[in-house]
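K.L.:
Okay, sequence plus prediction incoming.
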Amino acid sequence: MSAVDYDTLIPNNVDLSSDARLKRALEKWYPRYLDWWKTVGPEGFQDCEVYLRTAVSVDRDGWAKFGFVKMPEYRWGILLAPREEGRKIAFGRHKGEPVWQEVPGEYRAMLRRLIVIQGDTEPASVEQQRYLGATAPSLYDMRNLFQVNVEEGRHLWAMVYLLQKYFGRDGREEAEALLERRSGDPDRPRILGAFNERTPDWLSFFMFTTFTDRDGKMQLESLANSGFDPLARTTRFMLTEEGHHMLVGRTGVARVIQRSSEVMQAQGLTDPHDIDSVRKHGVIDLPTIQKKINFHFSVTLDLFGAEVSTNAANAFNAGIKGRFGEPRIDDDHQLHDDTYPVEQVVDGGIKHVDMPAISAINARLLDDYISECANIVTSWNRIIAEHGLDYELQLPHRGFNRQVGEFSAYCISPTGELMTESDWARMSTDWLPSDDDGDYIRSLMKPERRAGHFAPWIAPPRAGIDGKPGDFEYVRITA
Ligand code: BYC
Ligand code: FE
Ligand code: FE
């Protein structure tokens, strides 16, 4: 069952060759996908051989094979985690019933919407990152960018498979539309806000893969226990790949912090707020890194939807979308009478208010997400402290800079004070990256293409990919 068929045009472990209709639909979609990849995917380097991993099985160990491939020839496959015999729906009103192998009619629209939204983010991120290859700080980093890109491409395949197999004609139409929307295009934008933002430099890329790919993880975890079994199995395997994307982000930011801290220490610069002195040495100052955190974190929080949400309650009740770690939560998994504390603005202050837990599904996922992010920032701060510098990066308050949910109508500072709109407008330039900050960062983005060398604003990684030595040529640049 889980053996992957690699002889067919579309590698898969879903026995595609026995479903002629689906196979035809996917083969028809493939050239359009390639066309999309070549026009708005990674700019340049499409003819270069890149040292990439390809998913070749769904076993816990040894699921990926490493080797040199040209990106357009990457084997984007359809891989589902193995079926669990006798799996039962774990939550909601159908709890205890066998999971569904077909789409239940009453939940068809809900499922389609969730799959389309999930699918839309994948190509969006590839579009957002398309120009970064040209300014890669090393071949190692360039390879990681392309690895993330091809896997986000595969995640699109994963959702298109579900649409084309289970949703008939409108599924095929949605599959087409996923290739037609464009990140940042005012006429046909991607669906969710953060996926229409720019990723103009490598620090943004590392912040995006730290914070926004981690929303991907949280959302996929919530779908990984779905009562719709094909969705659960697809997202489970996607999560295997997601770990690397977040690692690229977390270690990428850590290497930037490492380099800045080393240079400050070596130059005897003790005031992290003395931005000009730090920038003179060609590294990124810590306050600018803080502003980047503020931006990417707050924009990503919006991706969780409103904290209190009927959509989320309906999806939970239906057994379609659960909570993070649903099977491990110690309650009835139906939430008839439970409450959950949600932060809200009450009488001019921010307070926890007990809400029916069923309506606070998004709030809970947001809490789980924020606590993971807090651990990451703690690990970054350790690097700063090791260099004897007196500076602490912080996650901004969850209400800071929000466009969606409880706090979207308020102006809230990074430390969680309610403010007037005019104060906010004056102060926010200190909290979010300015044009000058962006210009400075972009001035550092000079490519480094020699194997084993790194741009001066970022430290080398601790270890290579797939155990390769430091001077390994991860991308063979041809022209
Ligand atoms: N921008 O009840 P509400 C990833 C809409 S990232 C624009 O508040 P709900 C990846 C919402 O659609 C993971 N619109 O929220 C990462 C709804 O509109 P309709 C992506 C927004 O529905 C990096 C209305 O507001 N996957 O994989 O409970 C690289 C009210 O909705 C936004 C998923 O998100 C926004 N930010 O939750 C590559 C999982 N927020 O339908 C990939 C699937 C809300 O009334 N999606 N709206 O017109 C979902 O589970 C839910 O749709 C959401 C929203 C969590 C996004
Ligand atoms: Fe993804
Ligand atoms: Fe990802």
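P.N.:
That came in fine, so what should we check first? Small disclaimer: the values here were computed from a predicted structure and weren't measured. Residues are numbered from 1 along each chain as shown. Ligands and ions are numbered 1, 2, ... in the order given.
K.L.:
Quick one: end-to-end length of stretch 197-215, please.
P.N.:
The stretch stretch 197-215 measures 15 Å between its terminal residues, going by Cα to Cα, to the nearest Å.
K.L.:
Could you do stretch 198-211 as well?
P.N.:
Between the opening and closing residues of stretch 198-211 there is a gap of 15 Å (Cα to Cα).
K.L.:
what's the average pLDDT for it?
P.N.:
The predicted model gives stretch 198-211 an average pLDDT of 97.
K.L.:
ok, and for it, which residues are buried?
P.N.:
Applying a neighbour-count criterion of 16 or more other Cβ atoms under 10 Å, one finds 199-211 buried in stretch 198-211. (C-beta placed from N, C-alpha, C; glycine too.)
K.L.:
Can you tell me what sits against that stretch?
P.N.:
Counting by Cβ atoms under 8 Å, 6 or more residues apart in numbering, the neighbours of stretch 198-211 from elsewhere in the structure are 125, 128-129, 132, 135-137, 141, 145, 148, 184, 245-246, 248-250, 252-253, 256, 284, 289, 292-293, 295-297, 300, 373, 376, 438, 441-442, 445, 458.
K.L.:
which of those residues are close to ligand 3?
P.N.:
Counting by Cβ under 5 Å from the ion, the subset of the contacts of stretch 198-211 that neighbours ligand 3 consists of residue 245.
K.L.:
Quick one, which of the contacts of stretch 198-211 are buried?
P.N.:
Members of the contacts of stretch 198-211 that pass the buried threshold by neighbour count (16+ other Cβ under 10 Å) are listed as 125, 128-129, 132, 135-137, 141, 145, 148, 245-246, 248-250, 252-253, 256, 284, 289, 292-293, 295-297, 300, 373, 376, 438, 441, 445, 458.
K.L.:
Which ones among these lie within helices?
P.N.:
125, 128, 141, 145, 148, 245-246, 248-250, 252-253, 256, 289, 292-293, 295-297, 300, 373, 376, 438, 441 (DSSP state H).
K.L.:
What separation do you get for the nearest residue to residue 100 once chain neighbours are set aside and ligand 1?
P.N.:
Here the nearest residue to residue 100 in space, its sequence neighbours aside, is residue 228; by Cβ to Cβ, 6 or more residues apart in numbering that works out to 5.3 Å. With distances defined as Cβ to the nearest ligand atom, to the nearest Å, the gap from residue 228 to ligand 1 amounts to 13 Å.
K.L.:
same check, this time on residue 193
P.N.:
Plainly put, residue 193 is 4 Å away from ligand 1 if you go by Cβ to the nearest ligand atom.
K.L.:
I figured that residue was touching residue 402, is that so?
P.N.:
No. With contacts counted by Cβ atoms under 8 Å, residue 193 stays clear of residue 402, the gap being 10.5 Å.
K.L.:
Between the two, which is the more surrounded one?
P.N.:
Of the pair residue 193 and residue 402, residue 402 is the one with more neighbours under other Cβ atoms under 10 Å, namely 19 against 14.
K.L.:
For residue 175, list the residues it contacts.
P.N.:
With Cβ under 8 Å, 6+ apart, residue 175 has these contacts: 25, 29, 160, 163, 164.
K.L.:
Please name the nearest non-neighbouring residue to the spatially most central residue of the chain.
P.N.:
Ranked by distance to the mean C-alpha position of the chain (Cα atoms, centre = their mean), the top residue is residue 213 at 1.5 Å. Ranked by Cβ to Cβ, 6+ apart and with sequence neighbours excluded, the top spatial neighbour of residue 213 is residue 245, at 4.2 Å.
K.L.:
List the contacts of that neighbour.
P.N.:
Counting by Cβ under 8 Å, 6+ apart, residue 245 touches 148, 151, 152, 209, 213, 216.
K.L.:
Next one, pLDDT for residue 461 please.
P.N.:
Reading off the per-residue confidence, residue 461 sits at a pLDDT of 98.
K.L.:
The residue nearest to the centre of the chain reaches residue 247, doesn't it?
P.N.:
No. Residue 213 is beyond contact range of residue 247, at 9.6 Å (criterion: Cβ under 8 Å).
K.L.:
Not counting its neighbours along the chain, what's nearest residue 219?
P.N.:
Once its chain neighbours are removed from consideration, residue 219 has its nearest residue in residue 118; the separation is 6.7 Å (Cβ to Cβ, 6+ apart).
K.L.:
What residues does the stretch 51-200 of the chain have near ligand 2?
P.N.:
Close to ligand 2, as judged by Cβ under 5 Å from the ion, the stretch 51-200 of the chain has residues 122, 152, 155.
K.L.:
In the stretch 101-250 of the chain, which residue sits nearest ligand 1?
P.N.:
Ligand 1 sits closest to residue 216 of the stretch 101-250 of the chain, with a gap of 3.0 Å, by Cβ to the nearest ligand atom.
K.L.:
how about that residue, what does it touch?
P.N.:
Contacts were defined as Cβ under 8 Å, 6+ apart; by that measure residue 216 touches 121, 242, 245.
K.L.:
Assign the second one to helix, strand or coil.
P.N.:
Assigned by DSSP: H, G, I helix; E, B strand; the rest coil, the conformation of residue 242 is helix.
K.L.:
how deep is it tucked in, by neighbour count?
P.N.:
As a measure of burial, residue 242 has 22 neighbours, counting by other Cβ under 10 Å.
K.L.:
Give me the nearest residue to the residue in the stretch 301-450 of the chain positioned nearest to ligand 3, chain neighbours excluded.
P.N.:
With Cβ to the ion, the shortest gap between the stretch 301-450 of the chain and ligand 3 falls at residue 303, namely 12.8 Å. Nearest in space to residue 303, with sequence neighbours left out and distances taken as Cβ to Cβ, 6+ apart, is residue 215 at 4.7 Å.
K.L.:
circling back to that earlier point, isn't the residue nearest to residue 219 right up against residue 159?
P.N.:
Yes. With contacts defined as Cβ under 8 Å, residue 118 counts as touching residue 159 at a distance of 5.6 Å.
K.L.:
re earlier: ok, the helix or strand containing the residue of the stretch 101-250 of the chain closest to ligand 1 near ligand 3 or not?
P.N.:
Secondary structure here is read from DSSP states H and E; on that basis residue 216 sits in helix 213-223. Yes. Using Cβ under 5 Å from the ion, helix 213-223 reaches ligand 3 at 213, 216.
K.L.:
tell me how far that helix is from the chain's mean position?
P.N.:
Here helix 213-223 is found 8 Å from its chain centre; the criterion is Cα atoms, centre = their mean, to the nearest Å.
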